[in-house]
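Chemist: Pasted the sequence and its predicted model underneath.
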Amino acid sequence: MYYPRKNTIIYKFFSWYIHFIINKDFAAFKFDSLDVKPNSSVLILANHFSWWDGFLIFYINKKVFNKKFHVLVNAENYKKVSFLKYLGAFAAENSGKDVLETLNYAGKLLDSADNLVLVFPQGKLFSNHLKSINFEKGVMQMINSSQKKINIVFAATFIDFFAKRKSSAYTYLQNWETEEYISLQVLKSAYNKHYDNSVVKQIQITE
């Protein structure tokens, strides 16, 4: 698998750069503030519709959670966008056993309260206008390979222009109280309930 790399200088530069381009390219970026259990890691499950998604959650992590950021990406993006690995990106190099190794690695990351792991359960990019979010099976493998001392956070992001030349981004966050028994269907259903509620909030915005 492809692992994250550590380079303090590169990390600090792109941390500043992400902050810079979000403020430059968006009219506004609004998101919720959450309190999470201090002795647990954070797993963020988010919809995936744009190039911006990982950077927006990276920004939120700096402002809200202040954890060590990690994100599961595909091998193509890991190799194509060379600086991602210095921001905590990791990926499966091949299919089969390497995918399992990568998911288990993510589970081990979640065993440390210092870490945040971002996962896009859809597995690839889809439109921002989907009515529901599909979950690939790997999400449960990752959770089950951890000690399950995790803050699971749902994130739903939407972008609208309204009357401005630049768009505004909105990310709705929710702590999900983990049930004793978690299945892929339970997790998917809970996330999509949050997604539906977020859509309702989004369409009520007027500017």
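Modeler: Thanks, I have it.
Chemist: helix or strand for residue 200, which one?
Modeler: helix 184-203 (DSSP states H and E).
Chemist: ok, residues contacting that helix?
Modeler: Identification of contacts with helix 184-203 by C-beta atoms under 8 Å, 6 or more residues apart in numbering yields 45, 47, 121, 132-135, 137, 139-140, 152, 154, 156, 158, 160, 170, 172, 174, 176, 179. For every residue, glycine as well, the C-beta is placed using N, CA and C.
Chemist: Can you flag which of those residues belong to strands?
Modeler: The strands, defined by DSSP state E, take in 45, 152, 154, 156, 158, 160, 170, 172, 174, 176 from these.
Chemist: does the third one really touch residue 177, like I thought?
Modeler: Meaning residue 154. No: at 11.3 Å, residue 154 does not count as touching residue 177 under the criterion of C-beta atoms under 8 Å.
Chemist: more crowded one of the two?
Modeler: Neighbour comparison, residue 154 and residue 177: the larger count goes to residue 154, with 24 against 8 (by other C-beta atoms under 10 Å).
Chemist: hang on, residue 30 in a strand?
Modeler: Yes: assessed with DSSP: H, G, I helix; E, B strand; the rest coil, residue 30 lies in a strand.
Chemist: Buried subset of the contacts of helix 184-203 as a PyMOL selection?
Modeler: The buried subset of the contacts of helix 184-203, as determined by 16 or more other C-beta atoms under 10 Å, is captured in PyMOL by this line:
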select buried, resi 45+47+121+133+135+139+140+152+154+156+158+170+172+174+176
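Chemist: Neighbours of residue 189, how many?
Modeler: So residue 189, with other C-beta under 10 Å, has 12 neighbours.
Chemist: Look up how far residue 154 lies from it.
Modeler: 12 Å (C-beta to C-beta, to the nearest Å).
Chemist: again with residue 188
Modeler: Residue 188 is 11 Å from residue 154, by C-beta to C-beta.
Chemist: Then residue 46?
Modeler: 8 Å.
Chemist: what do you get for residue 125?
Modeler: Distance of residue 125 to residue 154, computed by C-beta to C-beta: 19 Å.
Chemist: picking that back up, ok, which pair from the ones in strands among the contacts of helix 184-203 is furthest apart?
Modeler: Using C-beta to C-beta, the ones in strands among the contacts of helix 184-203 reach their maximum pairwise distance at 152 and 160, which is 26.9 Å.
Chemist: quick one: average confidence on the helix holding residue 200?
Modeler: What helix 184-203 shows for mean pLDDT is 95.
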